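# Give me the fold of what follows.
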Amino acid sequence: MTATPLTDELVLETLRQVIDPEIGCNIVDLGLIYRIAWADGKLTVTMTLTTPGCPMHDSIADGVKNILLTLDGVTDVEVEVVWDPPWHPSMMTEVGRAMTGVQNF
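The predicted model follows:
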């Protein structure tokens, strides 16, 4: 059996399992993922949250780390939460807008 190759698409599909519990939408379709990088088994995700004071900060970051550690070949995950650029609803995908009822921008 061969391992599934690690791709941005696989990482994003996996991250769709992480839901922002206050909004009820996954973090990918909310537009919270800014960058994915990997080397030598370490996966680094640069992301933001909908607000700097988000009470679910640790829970969401832990969810990202835990779900990505299930991928073949990933031995370490670093989650970098940044605030620049600040998140805005226009960063959501069409799926995210439909899930949350947010209109187009």
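
# Number of residues surrounding the closest residue to residue 21 other than its chain neighbours?
With sequence-adjacent residues excluded and distances taken as C-beta to C-beta, 6 or more residues apart in numbering, residue 21 is closest to residue 56, at 5.9 Å. Where you see a C-beta, it was placed from the backbone N, CA and C, and this is true even at glycine. Other residues near residue 56 come to 16 when the count uses other C-beta atoms under 10 Å.

# how far is the helix of greatest length in the chain from where the chain is centred?
In the chain, with assignment by DSSP state H, the single longest helix is helix 57-68. Distance, stretch centre to chain centre, for helix 57-68: 9 Å (C-alpha atoms, centre = their mean, to the nearest Å).

# Would you indicate which residues of that helix are buried?
Neighbour counts over helix 57-68 (16 or more other C-beta atoms under 10 Å) mark 60-61, 63-65, 67-68 as buried.

# and which of those is nearest to residue 10?
Among the buried residues of helix 57-68, residue 68 lies closest to residue 10 (C-beta to C-beta), at 10.0 Å.

# what about the closest one, distance to residue 88?
25 Å (C-beta to C-beta, to the nearest Å).

# Distance to residue 50 and pLDDT added to the buried residues of helix 57-68, as JSON lines?
Supplementary listing: the buried residues of helix 57-68 in JSON lines, determined by distance: C-beta to C-beta, whole Å; pLDDT from 0 to 100:
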{"residue": "60", "distance to residue 50": "10", "pLDDT": "96"}
{"residue": "61", "distance to residue 50": "14", "pLDDT": "96"}
{"residue": "63", "distance to residue 50": "15", "pLDDT": "97"}
{"residue": "64", "distance to residue 50": "15", "pLDDT": "98"}
{"residue": "65", "distance to residue 50": "19", "pLDDT": "98"}
{"residue": "67", "distance to residue 50": "19", "pLDDT": "98"}
{"residue": "68", "distance to residue 50": "21", "pLDDT": "98"}
